[in-house]
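>>> Following is a predicted model, sequence given first.
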Amino acid sequence: DAGVIQSPRHEVTEMGQEVTLRCKPISGHDYLFWYRQTMMRGLELLIYFNNNVPIDDSGMPEDRFSAKMPNASFSTLKIQPSEPRDSAVYFCASSTTTGRLDTQYFGPGTRLTVL
Amino acid sequence: QKEVEQNSGPLSVPEGAIASLNCTYSDRGSQSFFWYRQYSGKSPELIMFIYSNGDKEDGRFTAQLNKASQYVSLLIRDSQPSDSATYLCAVAGGSYIPTFGRGTSLIVHP
């Protein structure tokens, strides 16, 4: 199995631009999680899906952030418009039917820099 | 506001020593506790998880949980230079929403 796949691995953009991060979960996993990691705030859960349905988006920082999961093998996290404070590493994780943290497999992350 | 506190370090120990990493949490309703290792530029890797008070051992790693004191620790015996990394503590309640600490940097020097 290829594991969780994220693209791009690095993204540099200018303030005000739209950014789309992509994630392909492990086949057969029912849960998908989006995290953000910064030096100041550490690792934070932004949103998670179960069977393609968003279950909890209380961690999404503001309306500029949106996430979708159109099918079981693809999810996107979009930031529009982007701001310098959005610079962070964004991780996607997927897990089996339990959804528990110890069953989650993390992707390699996307390092986002907003200038 | 649920908080998980860790000393940012760095914690420096000699090779072969015991490294002790500590974590306190604010939510008394927390039910599950996790330790992750994260190398620079990599994703977090689960090392240990513990649900009950007491100790849980796995190879060179021991997790210790004291719910009364709201304290969880990770001991690494016979520390190796390859253990040098940032260690994240995470705590979760009944939902799938974890709260992570900001991590402790560990340096194991030869």
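That came in fine, so what should we check first?

>>> use CA for all of it now, contacts and neighbours both
OK.

>>> What separation do you get for the residue nearest to residue B:25 when sequence neighbours are not counted and residue A:17?
Excluding its sequence neighbours, the residue lying closest to residue B:25 (C-alpha to C-alpha, 6 or more residues apart in numbering or on different chains) is residue B:4, at 4.4 Å. According to C-alpha to C-alpha, to the nearest Å, residue B:4 stands 34 Å off from residue A:17.

>>> Have a look at the two and say which one is more surrounded.
Using other C-alpha atoms under 10 Å in any protein chain shown as the criterion, residue B:4 and residue A:17 rank with residue B:4 on top: 21 against 13.

>>> Quick one: residues contacting whichever residue of chain B sits closest to chain A.
Scanning chain B for the residue nearest chain A gives residue B:102, at 4.5 Å (criterion: C-alpha to the nearest C-alpha). Counting by C-alpha atoms under 8 Å, 6 or more residues apart in numbering or on different chains, residue B:102 touches A:39-43, B:5-6, B:8, B:88-89.

>>> mind checking pLDDT for it?
At residue B:102, the model reports a pLDDT of 95.

>>> Same check on the one 5 residues further on?
At residue B:107 the predicted local distance difference test score is 98.

>>> Compute the distance between it and residue B:14, please.
8 Å.

>>> mind listing the helices for chain B?
Shown for chain B, no helices are assigned by DSSP state H.

>>> Now that the residue nearest to residue B:25 has come up, it's in contact with residue B:103, right?
No. Applying C-alpha atoms under 8 Å, one finds residue B:4 not in contact with residue B:103, separated by 9.6 Å.

>>> shared neighbours of the two, anything?
residue B:89.

>>> coming back round to it: among the contacts of residue B:102, which lie within strands?
Among the contacts of residue B:102, the members found in strands (DSSP state E) are A:42-43, B:5, B:88-89.

>>> Farthest pair within those?
A:43 and B:5 (12.7 Å; C-alpha to C-alpha).

>>> between those two, what contacts are shared?
Joint contacts of residue A:43 and residue B:5 (C-alpha under 8 Å, 6+ apart) are B:101-102.

>>> How about chain A: which residue is closest to chain B?
residue A:42 (4.5 Å).

>>> which residues sit in contact with that residue?
A:36, B:100-103.

>>> And residue A:58, by the same measure?
Neighbours of residue A:58 in contact, by C-alpha under 8 Å, 6+ apart: A:46-47.

>>> And for the one 4 residues further on?
Contacts here follow C-alpha under 8 Å, 6+ apart; on that basis residue A:62 touches nothing.

>>> Help me confirm that it is found in a strand?
No. Read with DSSP: H, G, I helix; E, B strand; the rest coil, residue A:62 is coil and lies in no strand.

>>> quick one on the thing from earlier: ok, now how distant is the residue of chain A closest to chain B from residue A:62?
18 Å.

>>> again with residue A:107
24 Å.
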